[in-house]
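Peer 1: how would this look folded up:
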Amino acid sequence: MKIAGLQMCSVVGDIDANLARIDKAAERAAGEGAQLLIAPELALTGYGAADRFPVLAAPSNGRTAERLSEIAHRHRLTIVAGFAEKDGGDVYNSVLLSDGGNSAIYRKSHLYGPYEKQWFRPETPNTVLVTVDDVKIGMLICYDVEFPENVRRLAQAGADLIVVPTALPEGSSGRFIAEHMIRVRAFENQVFVAYINHCGADEHFAYAGRSCIAAPDGSLLAQASPNEEALLSADVSIGAFAQSRAENTYLRDLS
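Peer 2: Here you go, the predicted structure:
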């Protein structure tokens with residue numbers, strides 16, 4: 001399966017503009033043969049929306065989700081994108097996976113810092129798996145992937161690919177996470193990891209960029225620059241890394 005990741009500069013507070021950017025990327029990705037497109041954490045609202053989140057938040061079956069589904073259906077691929085999800089009186093930092101017909105929601109369990117904790121409710125860690133073209137996909141969001149237990153849980157449940165929309169900020173720790181930790185998570189669980197970030201800056205944050213797609217052997221199949229929008233792509237071929245999985249038997253050897 002060919003996958004694509006959109007490193008983007010979201011327009012804070014402008015869902016229409018961000019959907020249009022994803023639409024354009026979906027057209028290009030589908031034209032290049034991709035069956036899955038991944039956009040960053042809170043891509044539809046912008047991560048720096050702050051006090052606008054309560055107004056921008058939308059239910060998982062609302063108009064925002066319908067519009068994303070329309071894009072997926074029109075381009076005949078599956079899209080994963082972050083949005084602020086409203087459920088009753090609560091707002092979650094969520095990602096929506098849509099293939100234009102079916103959908104799945106994952107809510108962030110590990111909120112990062114006082115900013116996220118002010119605007120969002122955390123979800124209990126859980127396992128969300130969706131199969132696309134015979135590839136089992138698990139979902140996490142940003143800080144979630146920095147807890148190895150979350151990745152291991154998905155790997156033990158059978159995930160082949162873990163998609164991680166993120167809003168990683170610039171700085172030395174951000175560079176370490178993007179350039180080293182993601183590759184380790186892929187290697188220690190023998191899975192693919194697609195880590196897709198924002199770039200540029202808004203009034204609250206500057207983002208690290210450096211989106212990447214890591215393979216089970218720890219190699220990078222694709223990587224973006226620190227500060228430019230980009231559409232990454234890679235082939236997720238389970239059989240191509242059979243030797244790595246045979247040599248690195250972490251999941252089988254857990255006691």
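Peer 1: and stretch 61-73, how far out from the chain's middle?
Peer 2: 17 Å (CA atoms, centre = their mean, to the nearest Å).
Peer 1: Could you do stretch 115-123 as well?
Peer 2: Mean-position distance between stretch 115-123 and its chain equals 18 Å (CA atoms, centre = their mean).
Peer 1: got the contact list for that stretch?
Peer 2: With contacts defined as CB atoms under 8 Å, 6 or more residues apart in numbering, stretch 115-123 is touched by 50-51, 53-54, 84, 90-93, 107-111, 204. From N, CA and C alone the C-beta is placed, and that goes for glycine too.
Peer 1: Kindly write the ChimeraX command that selects the buried subset of these.
Peer 2: Restricted to buried positions by 16 or more other CB atoms under 10 Å, the ChimeraX selection for these reads:
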select :50,53,84,91,92,93,107,108,109,110,111
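Peer 1: Now for the contacts of stretch 115-123: which two are most distant?
Peer 2: 51 and 109 (23.3 Å; CB to CB).
Peer 1: which stretch of helix or strand covers the nearest residue to residue 90 once chain neighbours are set aside?
Peer 2: Counting by CB to CB, 6 or more residues apart in numbering, residue 90 lies nearest to residue 121, which is 4.5 Å off, once chain neighbours are set aside. When elements are assigned from DSSP states H and E, residue 121 belongs to no helix and no strand.
Peer 1: What's the local residue count around residue 121?
Peer 2: Applying other CB atoms under 10 Å, we find 15 residues neighbouring residue 121.
Peer 1: again with residue 122
Peer 2: Residue 122 has 14 nearby residues by other CB under 10 Å.
Peer 1: Show me the helices in this protein, by range?
Peer 2: Assigned by DSSP state H, the helices in the chain fall at 15-31, 53-56, 63-75, 113-119, 148-156, 172-176, 182-189, 242-247.
Peer 1: which of the residues in stretch 179-192 are buried?
Peer 2: Quick answer for stretch 179-192 (16+ other CB under 10 Å): 181-183, 185-192.
Peer 1: and which of the residues you listed is nearest to residue 75?
Peer 2: Closest to residue 75, out of all of the buried residues of stretch 179-192 and judged by CB to CB, is residue 192, at 21.9 Å.
Peer 1: is the closest one in a bridge, and if so with what?
Peer 2: residue 161 (DSSP bridges).
Peer 1: Check residue 136 too.
Peer 2: residue 131.
Peer 1: my read: it touches residue 159, true?
Peer 2: Yes: counting by CB atoms under 8 Å, residue 159 is a contact partner of residue 136 at 5.2 Å.
Peer 1: so what sits against both of these two?
Peer 2: What both residue 136 and residue 159 touch, as defined by CB under 8 Å, 6+ apart, is the set residue 129.
Peer 1: related to what we said a few turns ago, looking at the helices of the chain, which is buried most?
Peer 2: Neighbour counts (mean count of other CB atoms under 10 Å) averaged over each of the helices of the chain peak at helix 182-189, with a mean of 22.
Peer 1: Nearest spatial neighbour of residue 11, chain-adjacent residues omitted?
Peer 2: residue 17 (4.2 Å).
Peer 1: ah, wrong one, I meant residue 128
Peer 2: Nearest residue to residue 128 in three dimensions, chain neighbours excluded: residue 106, at 4.5 Å (CB to CB, 6+ apart).
Peer 1: And residue 46, by the same measure?
Peer 2: In space, residue 46 is closest to residue 12, 3.3 Å off (CB to CB, 6+ apart).
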